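> sequence below, structure please.
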Amino acid sequence: MKNAVRFEEILKERLQDSEVAAEYLTACYEEGPEVFLVGLRDVVEAQGGMRRAAKSSKLNRESLYRLLSEDGNPRFSSLNAVLTSLGLKVRFTHT
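Sure thing, here's the model as predicted:
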């Protein structure tokens, strides 16, 4: 359990960097929607928490928690509001 706590601390510290957060979210997205939402929650928590993200995205905290749950099914506008509040945007590339 001690290693898991340390991992979470390191992850939270690294996700404070916007470039690292963007790479992390890209990797999460490639794993699937559920993993992406968990990853986005990790980034939100690392970059100021739910209260800050809710305020800056103009979403209420309850909606934000629901949106970022593993079973969340966010509307694009809500997802975009959260990403914008983190200084991130969606980008598509050709593989």
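> who's in contact with the residue most central in space within the chain?
The geometric centre of the chain, computed from its C-alpha atoms, lies nearest to residue 40 (Cα atoms, centre = their mean), at 1.5 Å. Going by Cβ atoms under 8 Å, 6 or more residues apart in numbering, residue 40 touches 25, 28, 68, 79, 82-83. For the C-beta atoms, the positions are set from N, CA and C on the backbone; glycine is no exception.
> ok, now residue 76?
The neighbours of residue 76, taking Cβ under 8 Å, 6+ apart as the test, come to nothing; the list is empty.
> now do residue 15
With contact set as Cβ under 8 Å, 6+ apart, residue 15 has these partners: 21, 24, 42-43, 46-47.
> could you list the buried residues of the helix or strand residue 30 falls within?
In the assignment (DSSP states H and E), residue 30 maps to helix 18-31. Neighbour counts using 16 or more other Cβ atoms under 10 Å place 21-22, 24-25, 28 of helix 18-31 among the buried residues.
> for stretch 29-38, same thing?
Counting neighbours by 16+ other Cβ under 10 Å, one finds that the buried residues in stretch 29-38 are 36-37.
> straight-line length of that stretch, end to end?
End-to-end distance of stretch 29-38: 10 Å, with Cα to Cα, to the nearest Å as the criterion.
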